[in-house]
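Q: Sequence plus the predicted model coming up.
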Amino acid sequence: MNNLLGKQTWSFNKGVYILSRATASGPKEGSGPIGSLFDKVYDELHCGQNSWELAERALLSDSINLCLEKVNKNYNDIDLLLAGDLINQIVSANYAARQINIPFLGIFGACSTSMEGLAIASALVESSYANYAIAATCSHNSTAERQFRYPTEYGGQKPETATTTVTGGGAVLVSKEQTKIKVTHATIGKVQDLGITDPFDMGSAMAPAAADTIRQHFIDTNRKPEDYDLIVTGDLSAVGKPICEKLLLEDGFDVSNVYNDCGLIIYKQGDSEVFAGGSGCACSALVTYSHLLNELESGNYKRILVVATGALLNPTMIQQKESIPCIAHAVAFEYESERKRMK
Amino acid sequence: MTNSIKHNYKDKVKDFHPNPHIFKNCIKAFVVGGLICAFGQVLTNFYLANFNFTEETVGNPTVATLILISAILTGLGYYDIIGQFAGAGSAVPVTGFANSMASAALEYKSEGIVLGIATNMFKLAGSVIVFGVVSAYVVGIIRYIFNMFM
């Protein structure tokens, strides 16, 4: 059976499962609505480290180590680590990998890295290039602020369309060992750019990429929005979510009943400190690998689609008057009941 | 499909953006900016009354005090909160300039004193200094030429 459905969707026919998953977060996320579900919560932004970069790296390492601890595995049992983050040269992933003795592929997809990594890991496990693969990602509010915007203590006024980079790290372990969480499909997105240039309005910039990937997923798999209990985008926020919904409606897909955004789940609704919502690699990772997969594992959801959205933003290119290219990758998860697993 | 929001996307997405509270923000900026200036006046009067300063020299200790307070508030993590509330009100006075330097200095502390703090301190404030010097030079020349013929 062909693994490629339509143009852009990978189908994992042999059975790829999430064996383990773990999350580590900063204080703000930890006190949010799903904060109690994270495996580790730091009570201050430095996470006990001397710099923001070290703090981000610690979050990534924690999530990978916890992910392995949960299933009593060690580094030697893992065939491949796929990781990426937002900082230049994906240093958090590279330096975390320095400590972790697992063959490593660094990936960059901005905030879409979570599902990009999981899609590749699933494909490699499906095709037996790896028996156990970890996909991990992280982001930190302060490293993102200093790299993409202004110093953290700078008193510039942000518009309400701005998003708040989530501080956290998330890791998943993928294998063919049967569990209740099955990875069934991945749809790889195309870069979309409709000309948004404002780094304080990434929701608007990313919405077309998300809509395009979701639409393509429906076409390739011959599914409809009703086939899913939940479709979530990574970090479109209060601004990008309705735009994505509208774009899909124009293409004839009404997702309004099943659609949500991780950036709106992670923080308390109406918290003016977070502006339009959460963003960053860790946003979709924290929400998916804790809350959403918990719900799927307990059977409350039967099938969900996670669409991680990435603004491939570079401050130098923005200063050269370029707009923001964006991408989105989708991964479909299914609940595998005991009975099905016996077969 | 010209009705699609993809057509003329940049304009059409504005419908989805929350309305910027321009009037409210102006009032906030006016009040906070005014309070900072009023506080500056209090300092001026204080230095004039208690120290040996004249109207011409009192500006220096006043500005220095405002800069010190702004830098301390930045270090304690309050100035960005004030900035988010007041916008231009806290950005335009000298306190905003001090904040831009102090915040950059703090941010780059992790890269060391020379290559971190010293190199990056003027990252945000540098452009203000460049344009300040250039415009002062241009205005000075205009005034010089004007005086030659008058």
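A: Thanks, I have it.
Q: Quick one: end-to-end length of stretch B:112-131, please.
A: 28 Å (Cα to Cα, to the nearest Å).
Q: which of the residues in it are buried?
A: For stretch B:112-131, burial by neighbour count (16 or more other Cβ atoms under 10 Å in any protein chain shown) applies to B:116-117, B:120-125. For every residue, glycine as well, the C-beta is placed using N, CA and C.
Q: Could you export those to a markdown table, including columns for pLDDT?
A: Formatted as a markdown table, those follow (pLDDT from 0 to 100):
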| residue | pLDDT |
| --- | --- |
| B:116 | 94 |
| B:117 | 95 |
| B:120 | 94 |
| B:121 | 93 |
| B:122 | 93 |
| B:123 | 91 |
| B:124 | 90 |
| B:125 | 91 |
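Q: so which of those would you say is closest to chain A?
A: Nearest to chain A out of these is residue B:124 (Cβ to the nearest Cβ; 6.7 Å).
Q: so that closest one touches residue B:100, yeah?
A: Yes - in this structure residue B:124 lies within contact range of residue B:100 using Cβ atoms under 8 Å: 4.1 Å.
Q: Quickly list what's touching both of the two.
A: residue A:154 (Cβ atoms under 8 Å, 6 or more residues apart in numbering or on different chains).
Q: how about the residues of the stretch 101-250 of chain A near chain B?
A: Selection of the stretch 101-250 of chain A residues close to chain B by Cβ under 8 Å from any Cβ of the partner chain yields A:146, A:150-161, A:194-196, A:201, A:204, A:207-208, A:238-239, A:242-243, A:246-247, A:250.
Q: Could you rerun that using 6 Å?
A: Within the stretch 101-250 of chain A, the positions adjacent to chain B are A:146, A:151, A:153-155, A:157, A:160-161, A:194-195, A:204, A:239, A:242-243, A:246, A:250 by Cβ under 6 Å from any Cβ of the partner chain.
Q: farthest-separated two in these?
A: Across these, no pair lies farther apart than A:153 and A:250, at 42.6 Å, counting by Cβ to Cβ.
Q: what about the residue in chain A that chain B sits nearest to, how many neighbours?
A: Across chain A, the shortest distance to chain B (Cβ to the nearest Cβ) belongs to residue A:155, at 2.4 Å. Residue A:155 is flanked by 28 other residues according to other Cβ atoms under 10 Å in any protein chain shown.
Q: One more: residue B:146?
A: With other Cβ under 10 Å as criterion, residue B:146 counts 9.
Q: check contacts around residue A:214.
A: residue A:307 (Cβ atoms under 6 Å, 6 or more residues apart in numbering or on different chains).
Q: Could you rerun that using 10 Å?
A: A:187, A:189, A:225, A:228, A:231, A:233, A:244, A:247-248, A:251, A:253, A:255, A:259, A:305, A:307, A:328, A:330 (Cβ atoms under 10 Å, 6 or more residues apart in numbering or on different chains).
Q: Residue A:338 now?
A: A:180, A:299.
Q: Distance check, it against residue A:55.
A: Using Cβ to Cβ, to the nearest Å, residue A:338 is found at 41 Å from residue A:55.
Q: With residue A:190 instead?
A: 34 Å.
Q: Looking only at neighbour counts, state which of those two leads.
A: Using other Cβ under 10 Å, the more surrounded residue of residue A:190 and residue A:55 is residue A:55, with 24 against 12.
Q: burial of the closest residue to that one other than its chain neighbours, as a residue count?
A: Leaving aside its chain neighbours, residue A:55 sits nearest to residue A:47 (4.0 Å; criterion: Cβ to Cβ, 6 or more residues apart in numbering or on different chains). As a burial measure, residue A:47 scores 23 neighbours (other Cβ under 10 Å).
Q: my guess is residue A:47 meets residue A:30, correct?
A: No - with contact taken as Cβ atoms under 10 Å, residue A:47 and residue A:30 are classed as non-touching, separated by 11.2 Å.
Q: list residues touching both of the two?
A: In terms of Cβ under 10 Å, 6+ apart, residue A:47 and residue A:30 are both contacted by the residues A:24, A:40, A:167.
Q: ok, now which ones touch the second one?
A: Residues in contact with residue A:40 (Cβ under 10 Å, 6+ apart) are A:22-25, A:30, A:47, A:58-59, A:62-63, A:65-66, A:168-169.
Q: just the last one next, same as before
A: The contact partners of residue A:167, by Cβ under 10 Å, 6+ apart, come to A:24-30, A:42, A:45, A:47, A:52, A:55-56, A:59, A:138-144, A:278, A:280, A:282-283, A:286.
Q: Mind checking which of those are buried?
A: Neighbour-count burial (16+ other Cβ under 10 Å) applied to the contacts of residue A:167 gives A:24-26, A:28-30, A:42, A:45, A:47, A:52, A:55-56, A:59, A:138-144, A:278, A:280, A:282-283, A:286.
Q: Hmm, residue B:14 is touching residue A:204, no?
A: Yes - using Cβ under 10 Å, residue B:14 is in contact with residue A:204, at 8.7 Å.
Q: tally of neighbours for the residue of chain B found nearest chain A?
A: Using Cβ to the nearest Cβ, the single residue of chain B nearest to chain A is residue B:83, 2.4 Å away. If you count neighbours by other Cβ under 10 Å, residue B:83 ends up with 26.
Q: From what I see, it and residue B:92 are in contact.
A: No - counting by Cβ under 10 Å, residue B:83 stays clear of residue B:92, with 11.1 Å between them.
Q: Please enumerate the strands of the stretch 151-300 of chain A.
A: Taking DSSP state E, counting those that start in this stretch as the test, the strands found in the stretch 151-300 of chain A are A:164-165, A:168-175, A:181-187, A:230-233, A:259-261, A:278-279.
Q: export those strands to a markdown table and tack on mean pLDDT?
A: Converted to a markdown table, the strands of the stretch 151-300 of chain A look like this (pLDDT from 0 to 100):
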| stretch | mean pLDDT |
| --- | --- |
| strand A:164-165 | 96 |
| strand A:168-175 | 98 |
| strand A:181-187 | 98 |
| strand A:230-233 | 98 |
| strand A:259-261 | 97 |
| strand A:278-279 | 96 |
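Q: Distance to residue A:117 for the ones you listed - can I get that in CSV?
A: Output for the strands of the stretch 151-300 of chain A, formatted as CSV (distance: least, Cβ to Cβ, whole Å):
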stretch, distance to residue A:117
strand A:164-165, 18
strand A:168-175, 8
strand A:181-187, 11
strand A:230-233, 17
strand A:259-261, 20
strand A:278-279, 17
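Q: which of the ones you listed sits most buried?
A: Highest mean neighbour count among the strands of the stretch 151-300 of chain A (mean count of other Cβ atoms under 10 Å in any protein chain shown): strand A:278-279, with a mean of 34.
Q: Name the residue in residue A:153 and residue A:250 with the higher neighbour count.
A: Each of residue A:153 and residue A:250 has its neighbours counted (other Cβ under 10 Å); residue A:153 has more, 25 against 15.
Q: Which helix in chain B has the most residues?
A: helix B:22-50 (DSSP state H).
Q: Give the rounded mean pLDDT of that helix.
A: What helix B:22-50 shows for mean pLDDT is 96.
Q: if we can go back for a sec, which two from the contacts of residue A:40 end up farthest apart in space?
A: Largest separation among the contacts of residue A:40 by Cβ to Cβ: A:30 and A:65, giving 18.1 Å.
Q: so how many other residues sit close to residue B:69?
A: By other Cβ under 10 Å, 16 other residues sit near residue B:69.
Q: for chain B, which spans come out with low pLDDT?
A: Applying pLDDT under 70 to chain B flags residues B:1-2.
Q: By residue count, tell me the biggest helix in chain A.
A: In chain A, assigned by DSSP H, the helix with the most residues is helix A:202-221.
Q: hmm, back to that, out of the contacts of residue A:214, which sit inside helices?
A: If you go by DSSP H, the contacts of residue A:214 have A:244, A:247-248 in helices.
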